[in-house]
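>>> Could you work out the structure for the sequence below:
(4 chains)
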Protein chains: 2
Amino acid sequence: MGVNLVKPFSKTFYKTFMNRKVRIEDVAREAGVSPTAVSFAFNSPARLNSATVQRILKIADTLGYAPNPHARALLARSVGVIGILTPQTLPSIFANPFYSAFHEGVGQVCEAHNLSLLTISVSQSLSEAAANAPVDGLIIVGLNERHPEIEVLLRRKMPFVIVDGDSVVAPSVNVDDESGAFQAASYLLESGHRDILALTFELDYSATHTDKVYGVGQRRLDGFKRAFEQGGLPWDDEFLIPTPTSVTGGAESFRGIWASGKRPTALLSVADIMAIGVLEAAADAGVRVPDDLSVIGFDDIPQAKWTNPPLTTVRQPILEKGEQAAQLLLALIANELTGPANLLLPTELIVRASTQEVTHRKD
Amino acid sequence: MGVNLVKPFSKTFYKTFMNRKVRIEDVAREAGVSPTAVSFAFNSPARLNSATVQRILKIADTLGYAPNPHARALLARSVGVIGILTPQTLPSIFANPFYSAFHEGVGQVCEAHNLSLLTISVSQSLSEAAANAPVDGLIIVGLNERHPEIEVLLRRKMPFVIVDGDSVVAPSVNVDDESGAFQAASYLLESGHRDILALTFELDYSATHTDKVYGVGQRRLDGFKRAFEQGGLPWDDEFLIPTPTSVTGGAESFRGIWASGKRPTALLSVADIMAIGVLEAAADAGVRVPDDLSVIGFDDIPQAKWTNPPLTTVRQPILEKGEQAAQLLLALIANELTGPANLLLPTELIVRASTQEVTHRKD
DNA sequence: ATGAAAGCGCTAACAG
DNA sequence: CTGTTAGCGCTTTCAT
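Numbers count the residues shown, from 1 in each chain, chains lettered A, B, ... in the order given. Next up, the predicted model:
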């Protein structure tokens, strides 16, 4: 039964040592059974004589056979992978603690469902990247559903959920950015600050897919403005310092501000990582936080509490955001979503040591 | 030419609105051409009359067609995805700054080659997880090539590179852990410390796939021991405090040590995140670092310099490790690797403020 | 208990 | 310039 495995010139034996993967047919031939039997041995062993199953499995193992995941996915219409798509480069995603925490949340539910997580590289077209990705569904961060590239996905029936973006058709998860920003700015105002600058996301006019400014960035700005109005401080767009979303970006903005001669008593930042850069650059420049300058961030990434001084910031539940997004996506894929699912998670001001009343200012 | 798209009962029209993805055949029918023509329109437009291409593309767009990535991958024997496999849960990977930096390095080269990055969930069998993953190759972190589950991959001709693990057949990237650990311990010894405890990785006997202790963990321990020998301090396995690889793990170990009445003058840690937990717990307990306790980490994750006080640690080039691993993997996949490729990257002691001479100790 | 045959959706020789 | 045909590797009725 079955050709002896070690027969020197067995075609299968030969293939095993060539740079070609072993297919189901090779195993079948070597085991003297049909491909069907091999498939059964792997997928429904009960349908086969258990001795046969053993033999097949053993031969498969010897040959180093494993079912081709693409062929499987093609047939099963599912791969066990969900993707995260966001208009940023892969390295900048992984360098960003916000995304680490977000991935952690998504990872929790992936782990529970034994799914893997694909972080998608978007070099050119978003929709193209999405189309080529071997995923069962997508979590799209920082883009609006109405974005032309995203509408394509809708037409393609690719299941996706929107995070940090406007959405009515697709499920979505957002946090109350406006209110968080309002709290942050109000807190500063109430502490007596009247000379405040705001580090904002950059508006990248060249990238049609960057909607940050109309999404999260805009909402945070709206919150700042509302607080200013309410606090009786006229808003001026000159308060805005577009800053790269990174530690070094924040540091550079601080240096730029100081170099220009401006001496605000407080800095509002739309992201903790920028604020951390400010802290660092301020320390280097001998500017004391919070004595000389109050700094307030946004996100409450884990390291916000480790900074020196610990960062006052607006907490958003990043991990939960990831979890909810993943949960929503799985429900969508399983067709278990009845009705709209647009979540709005709360934000909360966390006062730590990087802010203080303006009256304490040394000069 | 081609059925009117909006004809109410066109089969394709119907499908478009059902929950079924549009296939190449649907586009072909609607455009009145063969599937081949549609394929050409997407993949080699030059081979078609440009008017035809336009028409096909337009119809494809209207229908919301995109080639099925699984079918494509099956045929092309490539998906444009590389995977990272490590015997840890997805959330713990993303929560770990070491992996963030590592992913960042891998992400740099992925981005350059327009590849996506799959972080694989390993619930049960490693080899099974690897087999089911739709990837062109794997970066395996923290496991030896000789591990039985990994040997399977070798037989399956799955291209992979080993990181932080022993390897002779597969390409690999390691850092000089032993020497780094030696430097760290020697530094402490030379600073007069004689009462030192070491936070080590946990040995998980239940998980056959956790080789940490025989790999990186063992090498770091070896370095510590050599330094002790050389420093004339007899080594005792009692110095070892197995600690979960997390901030909270480190904090708990600190509390455990203090609760047990031990008062070492210095703590050696095999990972920065554990050391950060120590710093935190020490601050909470009113133990001053470095006055009461010197703490030294390993890895030099980005946040090591932000801790309070900034952490003395052994730097390993994490980002470069990821980069090199990815580069090696791509070369392997492209069959451009001639001869063995086993990289050993250097480590370096970075002295910051969490350590000082023992003579300064207050008691 | 096992196998033959059809087909998942796509691409690429090879014809015409 | 366009279509026919034959798979890629696997699963799964349906038959035996």
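>>> how's chain A carved up into domains?
Taking automatic domain parsing as the reference, chain A has its domains at A:11-67, A:81-175+A:318-344, A:177-316.
>>> To residue B:255, which of those domains lies closest?
Residue B:255 sits nearest to domain A:177-316 of all the domains of chain A, at 18.3 Å, using CB to CB. C-beta coordinates here come from the backbone N, C-alpha and C atoms, glycine included.
>>> Could you see whether chain B lies near that closest one?
Yes: counting by CB under 8 Å from any CB of the partner chain, chain B has neighbours in domain A:177-316: A:276, A:280, A:303, A:306-308.
>>> Just the ones of those residues in helices?
A:276, A:280 (DSSP state H).
>>> any chance of the residues of domain A:177-316 next to chain B in a markdown table, plus neighbour count and distance to residue B:83?
Shown next, in a markdown table, are the residues of domain A:177-316 next to chain B (neighbours: other CB atoms under 10 Å in any protein chain shown; distance: CB to CB, whole Å):
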| residue | neighbour count | distance to residue B:83 |
| --- | --- | --- |
| A:276 | 28 | 31 |
| A:280 | 19 | 35 |
| A:303 | 20 | 28 |
| A:306 | 18 | 31 |
| A:307 | 25 | 34 |
| A:308 | 17 | 38 |
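>>> Which parts of chain A are helices?
Secondary structure of chain A (DSSP H): helices at A:11-16, A:24-31, A:35-43, A:50-63, A:69-76, A:90-95, A:97-113, A:126-132, A:148-155, A:177-190, A:216-231, A:247-259, A:272-284, A:318-333.
>>> Can I get the ones you listed in CSV including mean pLDDT?
Shown next, in CSV, are the helices of chain A (pLDDT from 0 to 100):
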stretch, mean pLDDT
helix A:11-16, 42
helix A:24-31, 93
helix A:35-43, 94
helix A:50-63, 93
helix A:69-76, 95
helix A:90-95, 96
helix A:97-113, 97
helix A:126-132, 91
helix A:148-155, 91
helix A:177-190, 97
helix A:216-231, 95
helix A:247-259, 97
helix A:272-284, 96
helix A:318-333, 97
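>>> how many other residues sit next to the residue nearest to residue A:191 when sequence neighbours are not counted?
Leaving aside its chain neighbours, residue A:191 sits nearest to residue A:357 (4.6 Å; criterion: CB to CB, 6 or more residues apart in numbering or on different chains). Other residues lying near residue A:357 total 14 when counted by other CB atoms under 10 Å in any protein chain shown.
>>> and residue A:357, backbone torsions?
Per-residue torsions, residue A:357: phi -60, psi 140 (degrees, to the nearest 10).
>>> From chain B, how far off is residue A:242?
Residue A:242 sits 23 Å away from chain B, going by CB to the nearest CB, to the nearest Å.
>>> And residue A:88, by the same measure?
Per CB to the nearest CB, residue A:88 is found 10 Å from chain B.
>>> touching chain B at all, stretch A:141-152?
Yes: Stretch A:141-152 reaches chain B (CB under 8 Å from any CB) through residue A:152.
>>> my read: residue A:146 touches residue A:162, true?
No: the pair residue A:146 / residue A:162 is not scored as a contact, 10.0 Å apart, by CB atoms under 8 Å.
>>> Please identify which of the residues of domain A:177-316 next to chain B is nearest to residue A:94.
Nearest member of the residues of domain A:177-316 next to chain B to residue A:94, counting by CB to CB, is residue A:303, at 14.9 Å.
>>> residues contacting the closest one?
A:97, A:272, A:276, B:303, B:306 (CB atoms under 8 Å, 6 or more residues apart in numbering or on different chains).
>>> quick one: pLDDT of it?
On the pLDDT scale, residue A:303 is placed at 89.
>>> try residue A:339
pLDDT recorded at residue A:339 is 83.
>>> how close does it get to chain B?
Counting by CB to the nearest CB, the gap from residue A:339 to chain B is 17 Å.
>>> try residue A:145
Here the criterion is CB to the nearest CB. By it, residue A:145 lies 15 Å from chain B.
>>> Which residue lies nearest the spatial centre of chain A?
Central residue of chain A (CA atoms, centre = their mean): residue A:99, 4.5 Å from the mean position.
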